[in-house]
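Enquirer: Sequence first, then the predicted structure, then my questions.
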Amino acid sequence: MTTIKLYGVEASRTFRNIWMLKELRLVYEHDPIAYNDKALKAPPYTDLNPNGRVPFIVVDGMPLFESLAINQYLADKFGGEVAAANAEERAQITQWSLWAATSVETDLGNWAYHTMFLPEAERKPEVAKQALENIKAPLAVLDGVLAKHEYLVGNRFTVGDLNVAAVCYRALGLDMPDKPHFKTWLAKCWSRPAALEARRARGDKV
């Protein structure tokens, strides 16, 4: 019998993995350790993730870190329709997951922190403005692809969509009239039952 244990507080990137685990209807244990808990920097946690960060997961004794890699592994191992059907689809899923992490995540995070999350006295409007400017081009690329295809890979919802939508979570709060295909796709991904469960787990009222 497969054993799965996920580590990390829900209000962190851990909720990406909660979404995937719920999507796959997998039974798992959960240690909701906070990202700033000093215990993360010492054994037994560093034995599983030497980076001292969350999330990470242990599946049948194998530890794995990095939220997007965890999701791709879970899809490959337990998968069905959300997993890649062949090497070509797997390459495309990896492509889009890495694209989201390198082209969107940092700037979208900076925009969110400097408009919503930091105490008002610590917010820097110029940082938020520049971050928003930086993500215009990559989101335009995504919008263009989604104008031609309902989903990113294989004309169905896959872990590629889940990973990119998870990275773009903060974009749910953006007004994007010039990116209608991206906006529709993002809302559709986040309206999935498993996605709503993940959002509720992190405290969102949806």
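Expert: Received it, and whenever you're ready, just let me know what you need.
Enquirer: Can you show me the strands along the protein?
Expert: Remark: strands of the chain, listed N- to C-terminal, are 4-7, 29-31, 56-59, 62-65; assignment by DSSP state E.
Enquirer: so which of the ones you listed is the most packed in?
Expert: Ranked by average neighbour count under the criterion mean count of other CB atoms under 10 Å, the strands of the chain are headed by strand 56-59 at a mean of 23. In this view, the C-beta of every residue, glycine as well, is placed from N, C-alpha and C.
Enquirer: Return that strand as PDB; C-alpha atoms alone will do.
Expert: The C-alpha coordinates for strand 56-59 follow below in PDB (Å, rounded to 0.1, in the frame of the first residue of the first chain):
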ATOM      1  CA  PHE A  56       8.300  18.500   0.300                       C
ATOM      2  CA  ILE A  57       6.700  15.100   0.200                       C
ATOM      3  CA  VAL A  58       7.700  11.500   1.000                       C
ATOM      4  CA  VAL A  59       6.100   8.700  -1.200                       C
END
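Enquirer: How about the contacts made by residue 31?
Expert: If you count contacts by CB atoms under 8 Å, 6 or more residues apart in numbering, residue 31 has them with 5, 6, 7, 8.
Enquirer: how does this structure divide into domains?
Expert: Here the domain assignment for the chain is 4-80, 83-192, based on automatic domain parsing.
Enquirer: Please name whichever of the strands of the chain is nearest to residue 169.
Expert: Among the strands of the chain, strand 4-7 comes nearest to residue 169, with 17.8 Å by CB to CB.
Enquirer: Touching the closest one from outside, list them.
Expert: Defining contact as CB under 8 Å, 6+ apart, one finds that strand 4-7 is touched by 14, 17-18, 21, 26-31, 33, 45, 48-49, 54-60.
Enquirer: give me the number of residues near residue 173?
Expert: Around residue 173 sit 10 other residues, with neighbours defined as other CB atoms under 10 Å.
Enquirer: so residue 139 makes contact with residue 104?
Expert: Yes - judged on CB atoms under 8 Å, residue 139 makes contact with residue 104 at a distance of 7.1 Å.
Enquirer: Compare the two and say which is more crowded by neighbours.
Expert: Set residue 139 next to residue 104 and count neighbours by other CB under 10 Å: residue 139 wins out with 24 against 21.
Enquirer: Distance from the chain centre to the longest helix along the chain, please.
Expert: Counting by DSSP state H, the longest helix found in the chain is helix 125-146. The chain centre lies 18 Å from the centre of helix 125-146; the measure is CA atoms, centre = their mean, to the nearest Å.
Enquirer: Adding distance to residue 135 and mean pLDDT, write the strands of the chain out as JSON lines.
Expert: Below are these laid out as JSON lines (distance: least, CB to CB, whole Å; pLDDT from 0 to 100):
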{"stretch": "strand 4-7", "distance to residue 135": "29", "mean pLDDT": "98"}
{"stretch": "strand 29-31", "distance to residue 135": "31", "mean pLDDT": "98"}
{"stretch": "strand 56-59", "distance to residue 135": "28", "mean pLDDT": "98"}
{"stretch": "strand 62-65", "distance to residue 135": "26", "mean pLDDT": "98"}
